[in-house]
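**Student:** Provide a 3D model corresponding to the input given below.
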Amino acid sequence: MDSTLLASQLLFTGALAGLCWTVQLAVYALFAPLIRNLGADAFRAHHATYMGAMGWVAAPLMLIELTLAIAWVWIASDSIPAQIGLGLATAIWLLTFTAIVPAHTRLQRSPAESDARRLTRLNWLRTALWTARAALLAFAAIPV
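**Tutor:** All right, here's what the predicted structure looks like:
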């Protein structure tokens with residue numbers, strides 16, 4: 001495996017895992033209290049600003065990460081870590097676009113504390129997936 005490809009994956013996946021942990025602990029954890037304390041209209045304004053900014057941060061990183069995961073499988077098609085890595089990246093994309101994005105849409109349309117807590121629970125799974133992918137890449141980077 002090309003060490004530059006592995007290092008690049010580790011860089012982008014590590015950044016996304018760190019971003020996901022930060023969002024989980026410092027952003028989503030505050031959504032329910034913000035809805036309760038600010039009210040629906042103020043939360044909608046906050047949430048719209050957050051979503052606009054986060055899209056510019058996360059989308060390019062996710063696209064690059066997926067491209068690198070595909071490249072790893074392309075280059076090393078018999079590599080089990082490469083296949084697992086692509087599987088994890090695919091699971092992250094599926095969870096993001098089938099559950100996380102719709103949860104944000106619900107929150108934007110009609111802010112409810114229960115939906116904010118559901119988003120937080122869903123994102124724990126995504127946080128675990130990104131952490132597992134980062135760990136896999138770190139393990140793969142250890143010379144044998």
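
**Student:** CA only for contacts and neighbour counts going forward, please
**Tutor:** Fine.

**Student:** So, low pLDDT: which residues of this protein?
**Tutor:** 1 (pLDDT under 70).

**Student:** Specify the helix with the largest residue count in it.
**Tutor:** helix 40-75 (DSSP state H).

**Student:** Which SSE is immediately downstream of it?
**Tutor:** helix 80-95 (DSSP states H and E).

**Student:** So which bits of that following helix are buried?
**Tutor:** 81, 82, 83, 85, 86, 87, 88, 89, 92, 93, 95 (16 or more other C-alpha atoms under 10 Å).

**Student:** I'd like these as TSV, with distance to residue 23 appended.
**Tutor:** As requested, the buried residues of helix 80-95 are exported to TSV (distance: C-alpha to C-alpha, whole Å):
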residue	distance to residue 23
81	27
82	27
83	27
85	22
86	23
87	23
88	19
89	18
92	15
93	17
95	16
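
**Student:** before we move on, back to that, run the angle between the longest helix of the chain and helix 80-95 for me.
**Tutor:** Angle of helix 40-75 versus helix 80-95, following axes from the mean of the first three to the mean of the last three C-alpha atoms, to 10 degrees, is 150 degrees.

**Student:** From the contact counts, what lies against helix 40-75?
**Tutor:** For helix 40-75, the elements it packs on are helix 3-22, helix 80-95, helix 101-109, judged by 3 or more C-alpha pairs under 8 Å, 6 or more residues apart in numbering; DSSP states H and E.

**Student:** helices or strands up against the longest one?
**Tutor:** I take that to be helix 3-22. On a contact count with 3+ C-alpha pairs under 8 Å, 6+ apart, helix 3-22 meets helix 40-75, helix 113-141.

**Student:** before we move on, back to that, tell me how far the longest helix of the chain is from the chain's mean position?
**Tutor:** 7 Å (C-alpha atoms, centre = their mean, to the nearest Å).

**Student:** which parts of it are buried?
**Tutor:** In helix 40-75, counting by 16+ other C-alpha under 10 Å, buried: 40, 43-44, 46-47, 61-62, 65-66, 68-73.

**Student:** Same question for stretch 112-120.
**Tutor:** Quick answer for stretch 112-120 (16+ other C-alpha under 10 Å): 112, 113, 115, 116, 117, 118, 119, 120.
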